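Trainee: Here you go, sequence then predicted model.
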Amino acid sequence: MSVVELGRFMDDLADASGRAILPFFRAQFGLDDKAHGGAPFDPVTEADRAAEVVMRRMIRDAFPGHGLLGEEFGSERLDADCVWVLDPIDGTRAFIAGLPTWGTLIGLRKGQTAVRGMMHQPFLAERFFGDGRSAKLRNAAGERALRTRRCADLASALLCTTDPRLFAAGEEAERFQSVQARVRLARYGTDCYAYCMLAAGQVDLVVEAGLKPYDIVALIPIVEGAGGIVTSWDGGPATEGGRIVAAGDPRLHEAALRRLSS
């Protein structure tokens, strides 16, 4: 499959998942809590499951030799050279609240490298996509290239994180607070949108912890394609999730790492 055909296939996945999800948005639907043993609320909806089912079916039909890793239905053939990494609704808490700061994450990993990614927000008809070398946004206004903005230091930065309460009490929370205390502005509840806004030059820094591969793989090629950097807190690869820091400017990334890894 050519690069163009692969792009079209990812668009098809986005179209199909969007059709599965939108009837549930701002409507009444089934809701379960995946958390156990007093863990924080971890919701999953009928929409999550419906979207992942349809994407898995399409991938199996088109690429029977590829692997699959999804939030709702686990993994298949993770030893394959190419593995699709799916999160049907990243930002389920926003989804169930009727807020449009959620998206469908469609990532493709080759070996241990995230090579292509898309974040689709069907309610707003926005698609952010990238391949690590370039990144674009497609919406009602057309298609445009994405580029991160320059921001050399924490004091000038706009920081996003999904929820500061998700950092483990103790050292992890303290390291995050050491960064947050020094930025110009911090915003919460952004989920996958934070990374896309970073790629679009609206946000400078994203710091999170406790991520799974399906939370981040699709976003790495978008951020990197727009000129940004995504790593773990110790500066290593981000594809396995965990503690993640993304920045639009290498100087800002270095400044954040000094506080997150100390």
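Mentor: Arrived safely. None of the values given here were measured: they were computed from a predicted structure. Numbers count the residues shown, from 1 in each chain.
Trainee: any idea how far Ala62 is from the closest residue to Asp234 other than its chain neighbours?
Mentor: Nearest residue to Asp234, sequence neighbours excluded (C-beta to C-beta, 6 or more residues apart in numbering): Ser261, at 5.2 Å. For glycine as for every other residue, the C-beta is placed from the backbone atoms N, C-alpha and C. When distance is defined by C-beta to C-beta, to the nearest Å, Ser261 is 40 Å away from Ala62.
Trainee: what about stretch 61-81, how long is it end to end?
Mentor: 17 Å (C-alpha to C-alpha, to the nearest Å).
Trainee: Same question for stretch 125-143.
Mentor: 12 Å.
Trainee: can you give me how far that stretch is from the chain middle?
Mentor: 14 Å (C-alpha atoms, centre = their mean, to the nearest Å).
Trainee: Same check on stretch 244-262?
Mentor: The answer for stretch 244-262 is 18 Å, by C-alpha atoms, centre = their mean.
Trainee: quick one: the strands in the stretch 151-262 of the chain?
Mentor: Using DSSP state E, counting those that start in this stretch, the strands of the stretch 151-262 of the chain run over residues 158-161, 185-188, 205-211, 229-232, 242-247.
Trainee: Sheet-wise, list the partners of the first one with their directions.
Mentor: This means strand 158-161. According to DSSP bridges, strand 158-161 forms sheet pairs with strand 185-188 (parallel), strand 205-211 (parallel).
Trainee: just the CA coordinates of that strand, formatted as PDB?
Mentor: Once non-C-alpha atoms are left out, strand 158-161 reads as follows in PDB (Å, rounded to 0.1, in the frame of the first residue of the first chain):
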ATOM      1  CA  LEU A 158       1.300  27.600  28.300                       C
ATOM      2  CA  LEU A 159       1.100  24.100  30.000                       C
ATOM      3  CA  CYS A 160      -1.600  21.500  29.600                       C
ATOM      4  CA  THR A 161      -2.300  18.300  31.500                       C
END
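Trainee: which other residues reach that strand?
Mentor: Under the contact criterion C-beta atoms under 8 Å, 6 or more residues apart in numbering, strand 158-161 has outside partners 176, 179-180, 183-188, 190, 194, 197-198, 202-208.
Trainee: and if we set it to 10 Å?
Mentor: 149, 151, 167, 176, 179-180, 182-191, 193-195, 197-198, 202-209, 244, 246-248, 252, 256 (C-beta atoms under 10 Å, 6 or more residues apart in numbering).
Trainee: Can you give the distance of it from its chain's centre?
Mentor: 14 Å.
Trainee: sorry, back to before: could I get the strands of the stretch 151-262 of the chain as TSV with distance to Leu105 and mean neighbour count?
Mentor: Shown next, in TSV, are those (distance: least, C-beta to C-beta, whole Å; neighbours: other C-beta atoms under 10 Å):
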stretch	distance to Leu105	mean neighbour count
strand 158-161	16	23
strand 185-188	19	13
strand 205-211	11	23
strand 229-232	14	22
strand 242-247	14	24
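Trainee: ok so, going back, for Leu219, which of the strands paired with strand 158-161 is the nearest?
Mentor: strand 205-211 (9.0 Å; C-beta to C-beta).
Trainee: what about the closest one, average pLDDT?
Mentor: For strand 205-211, the mean per-residue pLDDT is 97.
Trainee: ranges for the helices of the stretch 151-262 of the chain?
Mentor: 171-180, 192-199, 213-216, 220-225, 250-260 (DSSP state H, counting those that start in this stretch).
Trainee: Okay, Leu159 and Gly18: tell me how far apart.
Mentor: From Leu159 to Gly18 the distance is 30 Å (C-beta to C-beta).
Trainee: for Gln202, same thing?
Mentor: 23 Å.
Trainee: Who has more neighbours out of those two?
Mentor: Set side by side, Gln202 and Gly18 show more neighbours around Gly18, with 18 against 15, by other C-beta atoms under 10 Å.
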